[in-house]
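> Here you go, sequence then predicted model.
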Amino acid sequence: MDSMLYAFLRELATMTNQRFINFAKFKVQQWLGHNAENMDGISTDDIFVVWYSKTLQNHKALLGTRFTNHYFECTFNGDKGEMYMDVYDKVQNVCVKVTQLNAV
């Protein structure tokens, strides 16, 4: 077990916002290093948080990086001490003009 993961598990009972974000970035970095092409040198500094929320003992963050079209949703279940990571691919970027809203 690598040392960062072990430290995270040891301090699980005191999960803070920043600790969750750091761990989520670390897991995204690991996933990219193992599953995406040319991502061996990616750093957690290359991964950014798009959105974050905490409710009671649960955390959720949406993360991305400018180096790939993958999008990550990390959810920490505080009751079970588990984090789930969903990985999405950007399929299309569609521009909708604000003037089109009047037609609805």
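Looks like it arrived, so ask away. Residues are numbered from 1 along each chain as shown.

> contacts and neighbour counts: CA atoms only from here.
Fine.

> what residue lies at the spatial centre of this protein?
Nearest to the mean C-alpha position of the chain, by C-alpha atoms, centre = their mean, lies Leu63 at 3.8 Å.

> Need the nearest residue in space to that one, chain neighbours excluded.
On the basis of C-alpha to C-alpha, 6 or more residues apart in numbering, the spatially nearest residue to Leu63 that is not a chain neighbour turns out to be Val49, at 4.5 Å.

> Can you read off the pLDDT for that neighbour?
On pLDDT, Val49 comes in at 97.

> in what helix or strand does Ser19 lie?
Check again: residue 19 is Arg, not Ser. helix 17-35 (DSSP states H and E).

> How far does that helix sit from its chain's centre?
Averaging C-alpha positions (C-alpha atoms, centre = their mean, to the nearest Å) puts helix 17-35 7 Å from its chain's average.

> packing partners for that helix?
Counting contacts by 3 or more C-alpha pairs under 8 Å, 6 or more residues apart in numbering; DSSP states H and E, helix 17-35 packs against strand 47-55, strand 58-65, strand 70-77.

> rerun that using 10 Å as the cut-off
helix 3-10, strand 47-55, strand 58-65, strand 70-77, strand 82-89 (3 or more C-alpha pairs under 10 Å, 6 or more residues apart in numbering; DSSP states H and E).

> before we move on, back to that, isn't the residue nearest to the centre of the chain up against Phe72?
Yes - using C-alpha atoms under 10 Å, Leu63 makes contact with Phe72 at a distance of 5.0 Å.
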